[in-house]
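J.: got a sequence here, can you model it:
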Amino acid sequence: MAAFRLISDRDRLVAQVLAGMSYLGILALVPFMIGRRDPFVAFHARQGIIIWIWEVIAVYALIVPGLGKIAFQLSSVLCFVLSLVGLVSVILGRAWRLPGVSSVAEKL
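T.: Now for the predicted structure:
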């Protein structure tokens, strides 16, 4: 858990909006592309990208009969909870490492 120092209230607000977009599905691409200079935004963007990729893969799991539906439902709930935790982290100005996500996100 680490906190990042930001310069001004305006910069902080912009960074928080961009970081918050990281946990809104495909919108994670926006901060990933334009927020790379800010370490706070980049951290959340990487985690958001991993969650979004997980969601896309979960949709493809529906192809598998039987277990695919269970995997999709479990993944949907986990991605929703992780996204909520990420949004709370952004609102509090923190950089919480999401379990199972942050280790993969660091490799992006």
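
J.: could you use CA atoms for every contact and neighbour count after this?
T.: Noted.

J.: other SSEs contacting the longest helix seen in the chain?
T.: The longest helix of the chain (DSSP state H) is helix 67-91. Helices and strands touching helix 67-91, by 3 or more C-alpha pairs under 8 Å, 6 or more residues apart in numbering; DSSP states H and E, are helix 9-21, helix 39-60.

J.: run the chain-centre distance for that helix.
T.: Helix 67-91 sits 10 Å away from the centroid of its parent chain (C-alpha atoms, centre = their mean, to the nearest Å).

J.: and the helices and strands packed on helix 67-91, which is most packed in?
T.: A comparison of the helices and strands packed on helix 67-91 by mean neighbour count, using mean count of other C-alpha atoms under 10 Å, puts helix 39-60 on top with a mean of 22.

J.: who are the packing partners of that helix?
T.: helix 9-21, helix 29-34, helix 67-91, strand 94-95, helix 102-105.

J.: again, 6 Å this time
T.: In terms of contacts (3 or more C-alpha pairs under 6 Å, 6 or more residues apart in numbering; DSSP states H and E), helix 39-60 is packed against helix 9-21.

J.: what's the mean pLDDT across the helix it packs on?
T.: Here helix 9-21 scores 87 as its mean pLDDT.

J.: now do that helix against helix 39-60, angle only.
T.: Orientation check (axes from the mean of the first three to the mean of the last three C-alpha atoms, to 10 degrees): helix 9-21 against helix 39-60 gives 20 degrees.

J.: only C-alpha atoms, please: export helix 9-21 in CSV.
T.: Coordinates of the C-alpha atoms in helix 9-21 are reproduced here as CSV (Å, rounded to 0.1, in the frame of the first residue of the first chain):
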residue,chain,number,x,y,z
ASP,A,9,-5.8,20.0,-6.3
ARG,A,10,-6.5,20.3,-10.0
ASP,A,11,-3.9,17.7,-10.9
ARG,A,12,-5.1,15.5,-8.1
LEU,A,13,-8.7,15.7,-9.4
VAL,A,14,-7.6,14.9,-13.0
ALA,A,15,-5.5,12.0,-11.8
GLN,A,16,-8.3,10.6,-9.7
VAL,A,17,-10.8,10.8,-12.6
LEU,A,18,-8.4,9.0,-14.9
ALA,A,19,-7.5,6.4,-12.3
GLY,A,20,-11.2,5.9,-11.5
MET,A,21,-11.8,5.2,-15.2
